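Student: Have a look; sequence and predicted model below, questions after that.
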Amino acid sequence: MVYYSAAFSSIFGVTISAEKNQLPLRAWYPFDATKRPVYQWTYAHQIIALSIAAGVNLCCDVLASALIGQCRCRMRLIADSLRTLCDDVEVDKKGRVTAEGEKVLKNRVRSIAMRHQLVLEQVKQLQQCFSIPILVQFAVAAFIICVTAYRMAFENSFYRLMSMIIYIIVITMQVYIYCVEGNNLTIDSYEISRAAYECPWYECSVPLRRLLLVIMIRCTRPTIITAGGIVELSLDTFVCDHETRNQQVIFLLMTFVTTIGWATITDKNGLPLPAWYPYNTSISPAYELTYMHQTLSIMIVAVLNITSPIMIIKTSTLVGKLPAEWHGKKSSGDEDYKYYGGTANKLFTSKREAIVKNRQRIYVPQHQRALRAAEILQNAK
């Protein structure tokens with residue numbers, strides 16, 4: 001609702017900001033559009049055409065996000081099926097699933113694996129259908145935001161200025177919808193592996209545990225939708241967390257193109273930025289040198305503006321990866337994972353306990369440094 005409201009609000013701002021006897025959009029007609037009632041009919045035609053075009057564009061965005069949301073729902077249902085895998089299954093006095101229950105569980109696991117494979121095929125089809133259009137839409141959205149922000153600096157009409165601000169918000173929300181849906185799809189794909197671990201697998205036999213382990217290992221590979229195979233649909237992409245070299249090159253290229261466009265779209269004998277100088281900038285070679293100075297200054301400021309958030313985001317990412325690195329630490333010997341007195345007592349051997357204590361001594365100062373780094377980032381932001 002917010003997306004639709006903002007989109008049609010921008011159209012309303014364009015329609016009411018037209019000057020006297022002027023149309024909202026400049027267009028050529030084979031008749032005099034300034035006379036009545038032709039002017040009113042043409043005005044209404046442009047408003048209706050804008051509304052229809054905006055509605056079609058919004059429906060296309062909602063269609064793609066709804067299909068991604070459908071995949072998310074199916075993955076959540078698979079995760080719930082894994083959590084309730086052993087419900088209504090008989091167990092013996094030792095807490096083990098009976099032979100009849102094993103057959104039921106195997107059929108359930110087989111059905112879950114087939115459902116998961118169908119979801120992955122659906123995601124693959126979405127990738128094939130919407131990958132290139134989403135990439136084009138991202139590029140067009142970036143260009144529109146840059147051009148609209150540039151035009152805002154020279155706009156005098158209050159209504160048209162507010163319309164441009166709302167339009168930038170709409171374009172940003174358009175990109176955000178794709179990124180947040182793709183990010184949630186990746187998270188839901190990880191949840192399937194966790195759901196398999198949350199079921200009472202310890203009541204099952206060894207072959208059934210292996211089947212669950214296969215599902216868990218398969219789900220450790222994230223389900224990702226990309227735009228043209230270059231940009232991932234995730235919140236990291238939305239906040240410009242450029243993890244790959246391709247994304248960095250594309251982002252820098254877009255910034256460079258925008259800067260060049262800003263420097264070239266000027267009036268004759270005019271400068272990209274209006275500024276006061278203690279000399280006549282309209283005379284050669286002062287004009288050329290001043291023009292070059294402003295262009296280089298814009299590029300330097302743009303590079304600095306890009307570098308600062310990237311540094312903060314990269315540091316935040318490194319801090320966030322510490323728990324995963326700790327969780328991934330494993331001992332080199334199988335003897336370290338043996339329990340003392342069998343699996344029933346659940347007690348580590350003395351060697352294993354010494355290893356755990358040493359790791360705890362290492363993790364505590366690492367955690368303190370991570371908290372200190374997060375505090376520094378908070379103050380820097």
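Tutor: Nice, thanks for sending it over. Numbers count the residues shown, from 1 in each chain.

Student: Phi and psi next, for the residue most central in space within the chain.
Tutor: For the chain, the residue nearest the mean C-alpha position is S234 (2.4 Å; CA atoms, centre = their mean). Note on S234: backbone dihedrals following degrees, to the nearest 10 are phi -150, psi 170.

Student: tell me the contacts of it?
Tutor: Residues near S234 by CB atoms under 8 Å, 6 or more residues apart in numbering: C179, G182, N183, T186, I224. C-beta here means a position set from N, CA and C on the backbone, and glycine is covered the same way.

Student: Highest neighbour count among these?
Tutor: For those, the largest number of neighbours (other CB atoms under 10 Å) sits with G182, at 27 neighbours.

Student: So it sits against I224, correct?
Tutor: Yes. Counting by CB atoms under 8 Å, G182 touches I224, with 7.2 Å between them.

Student: Please enumerate the shared neighbours of these two.
Tutor: E232, L233, S234.

Student: for the stretch 1-150 of the chain, which spans come out with low pLDDT?
Tutor: Along the stretch 1-150 of the chain, segments meeting pLDDT under 70 span 1-21.

Student: What ranges does it have for its strands?
Tutor: With DSSP state E, counting those that start in this stretch, there are no strands along the stretch 1-150 of the chain.

Student: Show me where the protein has its helices.
Tutor: 2-16, 38-83, 99-152, 158-198, 206-219, 235-238, 245-264, 286-320, 322-327, 350-380 (DSSP state H).

Student: Among the ones you listed, single out whichever gets nearest to P274.
Tutor: helix 286-320 (10.1 Å; CB to CB).

Student: Report how many residues lie close to I166.
Tutor: I166, neighbours per other CB under 10 Å, totals 20.

Student: distance of it from C219?
Tutor: Distance, I166 to C219, by CB to CB, to the nearest Å: 41 Å.

Student: how about JSON lines for the shared contacts of G182 and I224, with distance to E191 and pLDDT added?
Tutor: Output for these, formatted as JSON lines (distance: CB to CB, whole Å; pLDDT from 0 to 100):
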{"residue": "E232", "distance to E191": "18", "pLDDT": "82"}
{"residue": "L233", "distance to E191": "18", "pLDDT": "84"}
{"residue": "S234", "distance to E191": "16", "pLDDT": "82"}
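
Student: Just give me the closest of those residues to N156.
Tutor: N156 lies nearest to L233 out of the shared contacts of G182 and I224, by CB to CB, at 38.4 Å.

Student: Switch the contacts of S234 over to TSV; also include distance to W28 and pLDDT.
Tutor: Formatted as TSV, these follow (distance: CB to CB, whole Å; pLDDT from 0 to 100):
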residue	distance to W28	pLDDT
C179	39	87
G182	41	89
N183	45	89
T186	48	89
I224	46	86
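
Student: Tabulate those residues in TSV, adding columns for distance to F130.
Tutor: Formatted as TSV, these follow (distance: CB to CB, whole Å):
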residue	distance to F130
C179	13
G182	10
N183	16
T186	16
I224	13
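
Student: and of those residues, the nearest to I192?
Tutor: Closest to I192, out of all of the contacts of S234 and judged by CB to CB, is T186, at 11.5 Å.
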